[in-house]
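[1] Just a sequence and a predicted model for now, questions to come.
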Amino acid sequence: MPAARVTSSGPLIARALTGAWRQSPPPFTLSAAQLQQITPLLYSTGAGALVWRRVRKTPLQTLPAAVELQQAYRLQTLRAARGERDIQSVFALLRAAGVEPLLFKGWAAARLYPVEGLRPWGDIDLYVRPPDYARAQTIVQQHAHTLASMVDLYHLDFAALDARDVEELYARSELVALGDVAVRVPGAEDHLRLLCLHWLRHHAWRPLWLCDIAAALEGRGADFAWGLCLSGPERQREWVACALGLASELLGADISALPLATSARALPRWLARTVLKQWSFPIQYHEPDNLPLRTLLRRRAPFLKALRARWPNAIEATYDARGPFTRIPPLPRQLGLYLNRALKFLTKP
Amino acid sequence: MKVQQALARPLARKDNLIVRELPDETLVYDLDNNKAHCLNQTAARIWQHCDGQTSISELAAHLTPDGVATAAHEQVVWLALKQLTKDHLLATAIAPPAALSGLNRRQMIRTLGLTAAIALPVVTTILAPTPAQAVTCLPTGASCTDGAQCCNHICTGGTCA
């Protein structure tokens, strides 16, 4: 990955989002210039409203950057209201056909924040029992034109759930009122686990998703069963603990009750550095380079950029290899993944 | 849109609107044209009382704690109605009286700001510089660096397939 244009944005974003999911967030400590610097990144990654809530009662509230974040909050509030209609519709449609869906992430994560509109969401990620999948897909496709939100019935993160007993997953789920509809969401243990794995699968590039983890962690009930959350394959257990440790290290989430708190606090130093570097990049930073290779070869700069963009970060390389996050930076894994990608790119027709 | 005369009683539009009342303002999403609006407290109060039964002077009375409105308060109502009409938030467009129709918004504000002891009504359209949805995945055509970012998990040549 190329060097960050503004290297200090990642740590600033972490400071801006520290405790932002709480009912009473801590005092905001960034300067006007720092807020200005990170606002485009906050906005484009969906974390703007969370920071608006922190600055709205400070002298920074009248800054153009703060006003932009406030607009994000307003828009998200209205989009959430529109999306909630879609959730109600989809649940009613599926239930009418005898399919009981489980809603993950999105609204299920947003409801853990103290105010509507703080956490934007766009798609509706649903899990259904495997035998119901085809029927659910047909229903969703038939009604897609009536929905403003995209319904995602197939999600890679669900693969982590398939290893679990489906009926137990449903038995642990809970019904949450959304207007007149009872929306089924996963049990807190399953959801926190999925949020952690999902964030790492996406190479930790979105700070908002770490806030989700922190919100789910601190919002858990007294009966939260850590054994359930950390069950499953050993590697996944390590990854979940690692994500929770990063939520603590970067955003100040409270992991004192975590059984693996000691190991979660002893994260490799390169891990947090990699996350913060990721956060310094807008997703739009990499320009499309889908030109044929022979065209790129004639244009030296785009070609080199295309090659450079294939360099994986350390989290990406570790996750891709299903490896552990150890103290030694995974440079060989990065190199291997890079060569594989570069080779594919160079040999594509 | 049919234009109502000044003596008519304004009626707020209800259809295809999503409304969220916040402590300091009211947000309205117009599903017909996918526009979002923000009404400050004064504009929201007037809009909420536009039930097709309430006259301009009665609307003005809602702006004062003692229910006694002055001409300035009625002008404030007209200013709000003008903005609500422009943003299609009334069921029927409202035409201001001749004495006010010639004034532009800035002139009305300048006049009213000195005489009305309430905040002037403001209806703003909420604009987004860039999409900020925290969707899990990027749609086809969006820039990407890895398949994990794309909805269909295929990032080819820096673009989601």
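    The structure has been received and is ready for your questions.
[2] average model confidence for stretch A:25-36?
    Averaged over stretch A:25-36, pLDDT sits at 94.
[3] That should have said stretch A:214-228, apologies.
    Mean predicted confidence for stretch A:214-228 is 95.
[4] May I see the buried residues of that stretch?
    Across stretch A:214-228, burial judged by 16 or more other C-beta atoms under 10 Å in any protein chain shown covers A:214-220, A:224, A:228. All C-beta spots, glycine's among them, are computed from the backbone N, C-alpha and C.
[5] which residues in the chain form strands?
    The chain I'm using is chain A. With strands called from DSSP state E, chain A shows them at A:102-104, A:123-127, A:150-152, A:174-178, A:181-185.
[6] hm, I was asking about chain B
    Under DSSP E, chain B gives strands at B:3-4, B:17-21, B:25-30, B:35-40, B:93-94, B:123-126, B:155-156, B:159-160.
[7] is it possible to export the ones you listed to JSON lines including mean pLDDT, mean neighbour count and distance to residue A:79?
    Converted to JSON lines, those look like this (pLDDT from 0 to 100; neighbours: other C-beta atoms under 10 Å in any protein chain shown; distance: least, C-beta to C-beta, whole Å):
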{"stretch": "strand B:3-4", "mean pLDDT": "56", "mean neighbour count": "14", "distance to residue A:79": "32"}
{"stretch": "strand B:17-21", "mean pLDDT": "94", "mean neighbour count": "16", "distance to residue A:79": "9"}
{"stretch": "strand B:25-30", "mean pLDDT": "95", "mean neighbour count": "20", "distance to residue A:79": "8"}
{"stretch": "strand B:35-40", "mean pLDDT": "94", "mean neighbour count": "21", "distance to residue A:79": "8"}
{"stretch": "strand B:93-94", "mean pLDDT": "86", "mean neighbour count": "19", "distance to residue A:79": "28"}
{"stretch": "strand B:123-126", "mean pLDDT": "90", "mean neighbour count": "18", "distance to residue A:79": "11"}
{"stretch": "strand B:155-156", "mean pLDDT": "62", "mean neighbour count": "18", "distance to residue A:79": "26"}
{"stretch": "strand B:159-160", "mean pLDDT": "62", "mean neighbour count": "20", "distance to residue A:79": "21"}
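[8] Output these in JSON lines; the columns should cover distance to chain A.
    Output for those, formatted as JSON lines (distance: least, C-beta to the nearest C-beta, whole Å):
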{"stretch": "strand B:3-4", "distance to chain A": "28"}
{"stretch": "strand B:17-21", "distance to chain A": "5"}
{"stretch": "strand B:25-30", "distance to chain A": "4"}
{"stretch": "strand B:35-40", "distance to chain A": "5"}
{"stretch": "strand B:93-94", "distance to chain A": "24"}
{"stretch": "strand B:123-126", "distance to chain A": "5"}
{"stretch": "strand B:155-156", "distance to chain A": "6"}
{"stretch": "strand B:159-160", "distance to chain A": "4"}
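[9] Of those, which is nearest residue A:262?
    strand B:155-156 (37.3 Å; C-beta to C-beta).
[10] so where is chain A shaky, pLDDT-wise?
    Residue ranges of chain A with pLDDT under 70: A:1-7, A:155-157, A:159-164, A:283-302, A:348-349.
[11] ah, wrong one, I meant chain B
    In chain B, residues with pLDDT under 70: B:1-7, B:102-105, B:108-109, B:111-117, B:128-161.
[12] Which residues are in contact with residue A:217?
    Residue A:217 is in contact with A:192, A:244, A:247, A:253-255, counting by C-beta atoms under 8 Å, 6 or more residues apart in numbering or on different chains.
[13] ugh, wrong one, I meant residue A:103
    A:87, A:91, A:124-126, A:183-185.
[14] That one and residue A:83, how far apart?
    Distance, residue A:103 to residue A:83, using C-beta to C-beta, to the nearest Å: 11 Å.
[15] list residues touching both of these two?
    residue A:124.
[16] on that earlier part again, filter the buried residues of stretch A:214-228 down to the ones in helices?
    Judged by DSSP state H, those include A:214-218, A:228 as members of helices.
[17] for the lengthiest helix in chain B, packing partners?
    Taking DSSP H as the criterion, chain B has its longest helix at helix B:71-86. When contacts are defined as 3 or more C-beta pairs under 8 Å, 6 or more residues apart in numbering or on different chains; DSSP states H and E, helix B:71-86 sits against helix B:41-48, helix B:56-61, strand B:93-94, helix B:105-115, strand B:123-126.
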